[in-house]
Every structure is written in C-alpha cells, then in structure tokens.
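> Any chance you could fold what I've pasted below:
(one chain, ligands or ions: 1)
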Amino acid sequence: MTPPDAFTDLANRMSAAQSTAALIEGRRTIHDFLPHAVPQELLSRAIDVARWAPNHYLSEPWHFYILGPQTAQAIADLNADLVTAARGADAGASKRARWRAIPGWLAVTCDRSEDATRQQEDYAACCCAIQNLSLYLWQAGVGVKWTTGAVTRSPEFYDLIWVDPARESIVGLIWYGYPAEIPRTARKALDQIVIALP
Ligand SMILES: Cc1cc2nc3c(=O)[nH]c(=O)nc-3n(C[C@H](O)[C@H](O)[C@H](O)COP(=O)(O)O)c2cc1C
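Coordinates of the predicted model:
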C-alpha cells in the first residue's frame, strides 16, 4: 500500500474506499429477525474473517461458541427465569417467547489474563473481531445483535455454554439472522468528538 501522491490519486482512493464506508455506516443492530436459518457455511466464513482483527502480541484471545437449538432454548429459559424473578411471570413468559424465536445464536468469549493491561487489550481485540463478523454478515444480508444482558454474566450461562469463568469471560451473546426490520439510529456530530491538537 503506497501513500497518495497527488490530489486526484487521493480522490480516486477515497472513492474506492466508499463501499467500505457504506458498509460500516449502513450496518445496524437488528432487534427483529425473520425465522429463516442462516447457512452454517456463511457463519463459519464470518468467524474465519473475524479472527483477522488486530490483537496485541497475536494473543488471539477469542473463542466462538456456536450455540445449537438445545443450548439456545436453555438460555432463553434461564433468561425468562431471571426476568420472572425481577419483573413477574408475564414479563418472563413474553421474553421466553421472544428469545425462543431468535434464529441464530453465538457466544464470543475472551481469554482471561492476570495482567490488567493485557486483559483490556484482549477484550478490545475481541470487540474488533465481533465488528469484523458483523460487517461480513451484514454484507451478506445477515443482521446481528450484540447483547450483554444480565443473563450473560450469570454463572448458569457459563455452565450452559461449557465455559470455565476462571479462564474466559463473555464478550457478547451474538444473535444473528435475516432482518425483519432495519432500525434507524444516529451519531453525534463530528465536531463533538474530534479534538485536533497542534
Ligand atoms: C458491548 C456492547 C453491548 C451491547 N449490548 C446490548 C444489549 O444488551 N442490548 C441491546 O439492545 N443492544 C446492545 N448493544 C447494541 C447497541 O445498543 C447498538 O450498537 C447501539 O444502539 C447502536 O446501534 P447500531 O449498532 O445500529 O449502530 C450492545 C453493543 C455493544 C458494542
């Protein structure tokens, strides 16, 4: 990759990069999915791409747990129990029905480290990997919702996905499927977040 040497070269390169910008800007978190299953081959390739995320010391701290229907339903039930305890039976039943209808389930975990800096950097790398996965799937017409609800921090959740919480931490429960609806969202103006120093 060589730096642009003239204004027209820069314009051409920015134009070439526009499809990447459109993909990044167009991706949305999907809350409602169609019932159709996503082909396993597509998910496998998304994970394959995800692991090309930057990761300090090439620690490759991520693990991708593809959750089958039995595990997904057990998680939906566990979550319904938590919601029932907090907000009552009706709320729990409604959540159970909603979660049971989600077509694709993936859990992403990160290796734990005794070193706080390493832990933070490894978590950051896992987040980059999830974004890679999301963008790849989005380009293929598949939406994702990254969730970190209370259920994902419960010991029972770790049990259900066969993860030892002393060795790995949950970065996200990732739902995926074909979008039933694509929501709108917004970002702050650039001048609210960009600070240029001399
Ligand atoms: C670490 C992380 C955790 C998230 N957890 C949740 C969640 O528990 N529930 C939820 O509705 N969305 C969750 N999201 C998705 C955000 O709500 C979403 O990214 C945000 O609203 C911006 O929308 P967009 O992704 O369409 O740009 C999470 C996102 C990240 C990065």
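> can we go C-alpha only for contacts and neighbour counts from here?
Will do.
> ok, stretch 156-172 near the ligand or not?
No. Using Cα under 6 Å from any ligand atom as the criterion, no contacts between stretch 156-172 and the ligand are found, and the smallest distance is 6.7 Å.
> Quote the end-to-end distance of that stretch.
Distance across stretch 156-172, first residue to last, is 15 Å (Cα to Cα, to the nearest Å).
> tell me the average confidence for that stretch?
Confidence over stretch 156-172 (mean pLDDT, whole number) is 98.
> what does it rub up against?
Contacts of stretch 156-172 from elsewhere in the structure, counted by Cα atoms under 8 Å, 6 or more residues apart in numbering, are 65, 67, 71, 74-75, 78, 107-112, 123, 126-127, 146-148, 151-153, 155.
> List the buried residues of stretch 176-187.
By 16 or more other Cα atoms under 10 Å, the buried positions in stretch 176-187 come out as 176-179, 182.
> In strands only, show me the contacts of stretch 156-172.
Counting by DSSP state E, the members of those that fall within strands are 65, 67, 107-111, 146-147.
> Tell me the residues of this protein that contact the ligand?
Where proximity means Cα under 6 Å from any ligand atom, the interface of the chain facing the ligand comprises 28-29, 146-149, 185.
> From those, list the buried ones, please.
Buried residues within those, defined by neighbour count using 16+ other Cα under 10 Å: 28-29, 146.
> and which of the residues you listed is nearest to residue 99?
Residue 99 has its nearest neighbour among these in residue 146, at 13.7 Å by Cα to Cα.
> so what's that closest one bridging to?
Counting by DSSP bridges, residue 146 is bridged to residue 174.
> wait, it sits on residue 134?
No. Counting by Cα atoms under 8 Å, no contact exists between residue 146 and residue 134, whose distance comes to 9.1 Å.
> What is the neighbour count of the closest residue to residue 119 other than its chain neighbours?
For residue 119, ignoring the flanking residues on the chain, the nearest one in space by Cα to Cα, 6 or more residues apart in numbering is residue 113 at 5.2 Å. Residues lying near residue 113 (other Cα atoms under 10 Å) number 16.
> Dihedrals phi and psi, residue 113?
Backbone torsions for residue 113, taken as degrees, to the nearest 10, come to phi -140, psi 150.
> My guess is it contacts residue 123. True?
No. Using Cα under 8 Å, residue 113 is not in contact with residue 123; the gap is 10.1 Å.
> Tell me the spacing between the residue nearest to residue 119 and residue 55.
In this structure, residue 113 and residue 55 are 14 Å apart, going by Cα to Cα.
> Same check on residue 194?
Using Cα to Cα, one obtains 25 Å as the distance from residue 194 to residue 55.
> Look at the two and report which has more neighbours.
Shown here are residue 194 and residue 55; by other Cα under 10 Å, residue 55 has more neighbours (19 against 8).
> give the contact list for the more buried one.
The neighbours of residue 55, taking Cα under 8 Å, 6+ apart as the test, are 61, 121-122, 125.
> who touches the helix of greatest length in the chain?
When every helix of the chain is counted residue by residue (DSSP state H), the longest turns out to be helix 116-139. Taking contacts as Cα under 8 Å, 6+ apart, the residues outside helix 116-139 that touch it are 23-24, 27, 42-43, 46-47, 49-56, 59-62, 108-113, 143-144, 171.
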